[in-house]
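Colleague: Any chance you can model this:
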Amino acid sequence: MITESDFGKRVYYIDGEQLNQFVASSEYVCTGYGYEWEKEGVTHIHFSPLEHSFGKKLNVSFAKENGHHLSDANIKVDIASNGSALVDGTEVTIIPSRENLYKRNKGLIELDILANKRVLIIGLGSGGSPIAVELAKAGVGQFALADFDRIELHNLSRHICSLNDLGRLKTDAVSDAIKGKNPYAVVDKLPIDVSKNLDILEEEIKKADIVMCCTDNNSSRFHTSELLVKHNKVGLFGRAITRAEGGDVFIYRPGQACYFCLLGSDWYDQSNEEITNEASARRAGHIPAYVSAEDAEAFVQVGLGADIEPINNMMVKLALVELSRGTESGISSLEDEFQANYYIWANRRERQYTNWGSFHNTNGMPTIMKWYGINISKDDDCTLCGHKESLATDETFLESLKAMGSGDFSGLNLEDISDTGLQNM
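Modeller: Residues are numbered from 1 along each chain as shown. Sure thing, here's the model as predicted:
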């Protein structure tokens, strides 16, 4: 059996920014908190208590040179004038300050710019939650998280959260995940239904540099679309088709085609709602009343997390390009690559993707496991951003697909795409 002595010296970690603040202060002694991973020889030391702690909690005493430790402290940290720290002669590992935490990203993205960018993420399911964490890992410094749901068992196979998060508000759990990657991030939590709190949604969209719409209902997308156009804000909409057999991503850039130009003005009707759970499937009439709950459950399964990840990754890439637009960085070239505003992806050749070619043999058809970018033109008759009230047609949309110049999209129609969507991304 492995014992604690097998690990050799204990390992200590301390927050560098908090340490610097103490060194610069006039105090010589202060108290703090240690969180020990028991039987692993690892302790994290903090000057203030964690909102959600882990491991065994210990009392800590910090003392500069000429300072005197509190006698009843479990851990006594000696702070040198150069900012280094020791516990019983063991050097404490200092967690880098904000400017150094993501130094490996330098040259690829402009960290100073991202640290000041604010991202609003609406919906924190299998799409919104990993998107939030990836943006935090890239160095985005400000977030607003909107979702009124709690973590449930059926979320876990595709969500970033774990069994330990069951029952928690998604806003709280995802906020912790963001801070676990970027402790300096500022996170505003909005445990609300945005469609019932339009005043809050509007204020958040006004403050955001980019909006990520990762919801599974048409009402929230409709209101988000309206407010993006009204306030000239960039917004991304991502969806996974039922069982994640494929999906799409749309980006709204002010002055260009809006989400209504893509899907028409009747797509937000409740009867056209996405199928992400039994209730929405029955409401839309896709599951008859006589079908048992057990059989219905098989219909609404949302697919593998690995099938949703390509869609999340595309949304993250597009967001980083937009947030970094106009700066010189390693991803600047993607501004040329991502000129389209609509992107389609297929994971498997089934249902509407049956006629698509295999990954290694196209035969002149669009293939699975590959992104297709399409430029959706602004509709002058769009009911949201145009001048007249009318409906977009299937033919208009399919002509845009064919304009890519390759592939037979005869097996795909607008109804296939708009009827089902992102499974609580």
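Colleague: what's across from Val29 in the sheet?
Modeller: Beta bridges link Val29 to Ala63 when assigned by DSSP bridges.
Colleague: wouldn't it be in contact with Gly67 here?
Modeller: Yes - Val29 lies in contact with Gly67 (Cβ atoms under 8 Å); the separation is 4.5 Å. The way it works is simple: take the backbone N, C-alpha and C, and place the C-beta from them, glycine included.
Colleague: all helices of the stretch 151-300 of the chain, in order?
Modeller: 170-181, 198-207, 218-231, 259-263, 278-283, 293-299 (DSSP state H, counting those that start in this stretch).
Colleague: and those helices, which is most packed in?
Modeller: Among the helices of the stretch 151-300 of the chain, helix 259-263 has the highest mean neighbour count (mean count of other Cβ atoms under 10 Å), at a mean of 26.
Colleague: by contact count, what packs against that one?
Modeller: helix 218-231, strand 246-252, helix 414-419 (3 or more Cβ pairs under 8 Å, 6 or more residues apart in numbering; DSSP states H and E).
Colleague: Out of the helices of the stretch 151-300 of the chain, flag the one nearest Leu120.
Modeller: Comparison of the helices of the stretch 151-300 of the chain against Leu120 by Cβ to Cβ identifies helix 198-207 as nearest, at 5.1 Å.
Colleague: That closest one - contacts with which helices or strands?
Modeller: Helices and strands touching helix 198-207, as assessed by 3+ Cβ pairs under 8 Å, 6+ apart, comprise strand 118-122, strand 142-146, strand 186-190, helix 218-231.
Colleague: Kindly present these as CSV, with separate columns for distance to Ile95 and mean pLDDT.
Modeller: Converted to CSV, the helices and strands packed on helix 198-207 look like this (distance: least, Cβ to Cβ, whole Å; pLDDT from 0 to 100):
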stretch, distance to Ile95, mean pLDDT
strand 118-122, 23, 98
strand 142-146, 20, 98
strand 186-190, 18, 97
helix 218-231, 36, 93
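Colleague: would you list the ones you listed in CSV and tack on distance to Glu245?
Modeller: Output for the helices and strands packed on helix 198-207, formatted as CSV (distance: least, Cβ to Cβ, whole Å):
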stretch, distance to Glu245
strand 118-122, 24
strand 142-146, 28
strand 186-190, 32
helix 218-231, 20
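Colleague: what about the ones you listed, which gets the closest to Glu322?
Modeller: strand 118-122 (10.2 Å).
Colleague: Give the partner strands of the closest one in its sheet and their orientations.
Modeller: Sheet pairing of strand 118-122 (DSSP bridges) gives strand 142-146 (parallel), strand 210-213 (parallel).
Colleague: quick check, distance from the longest one to the centre of its chain.
Modeller: Read that as strand 142-146. 10 Å (Cα atoms, centre = their mean, to the nearest Å).
Colleague: Just give me the residue closest to the centre of the protein.
Modeller: Geometric centre of the chain, nearest residue: Ile131, 2.1 Å, by Cα atoms, centre = their mean.
Colleague: quick one, the strand or helix carrying it and helix 170-181 angle?
Modeller: Using DSSP states H and E, Ile131 sits in helix 128-138. The directions of helix 128-138 and helix 170-181 differ by 20 degrees, with axes from the mean of the first three to the mean of the last three Cα atoms, to 10 degrees as the criterion.
Colleague: what pLDDT, on average, does helix 128-138 get?
Modeller: Confidence for helix 128-138, expressed as mean pLDDT, is 94.
Colleague: Make JSON lines out of the helices of the stretch 151-300 of the chain and add distance to Val87.
Modeller: Output for the helices of the stretch 151-300 of the chain, formatted as JSON lines (distance: least, Cβ to Cβ, whole Å):
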{"stretch": "helix 170-181", "distance to Val87": "23"}
{"stretch": "helix 198-207", "distance to Val87": "42"}
{"stretch": "helix 218-231", "distance to Val87": "49"}
{"stretch": "helix 259-263", "distance to Val87": "55"}
{"stretch": "helix 278-283", "distance to Val87": "54"}
{"stretch": "helix 293-299", "distance to Val87": "53"}
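Colleague: wait, which of those helices is closest to Ile192?
Modeller: Here helix 198-207 is closest among these (Cβ to Cβ), at 6.2 Å.
Colleague: Check what contacts the closest one and list those residues.
Modeller: By Cβ atoms under 8 Å, 6 or more residues apart in numbering, the surrounding residues in contact with helix 198-207 are 118, 120, 122, 144, 146, 188, 190, 192, 194-195, 211, 223-224, 227-228, 230-231, 233.
Colleague: Any stretches of the stretch 251-400 of the chain with poor pLDDT?
Modeller: For the stretch 251-400 of the chain, the stretches with pLDDT under 70 are 265-303, 329-330, 362, 387-400.
Colleague: in it, which spans are strands?
Modeller: With DSSP state E, counting those that start in this stretch as the criterion, the stretch 251-400 of the chain has strands at 342-346, 372-374.
Colleague: can you put those strands in TSV and add mean neighbour count and distance to Ser333?
Modeller: Putting the strands of the stretch 251-400 of the chain into TSV (neighbours: other Cβ atoms under 10 Å; distance: least, Cβ to Cβ, whole Å) gives the following:
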stretch	mean neighbour count	distance to Ser333
strand 342-346	22	17
strand 372-374	17	15
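Colleague: Quick one: closest of the ones you listed to Gln352.
Modeller: Distance to Gln352, taken as Cβ to Cβ, is lowest for strand 342-346 among these, at 8.6 Å.
Colleague: what about Phe237, how many neighbours?
Modeller: Counted with other Cβ atoms under 10 Å, residues neighbouring Phe237 total 27.
Colleague: what is it paired to in the beta sheet?
Modeller: Following DSSP bridges, Phe237 is listed with bridge partners Cys213, Phe250.
Colleague: For the residue nearest to Glu226 when sequence neighbours are not counted, give me the backbone phi and psi.
Modeller: Nearest residue to Glu226, sequence neighbours excluded (Cβ to Cβ, 6 or more residues apart in numbering): Leu384, at 6.5 Å. In terms of degrees, to the nearest 10, the main-chain angles of Leu384 are phi -100, psi -50.
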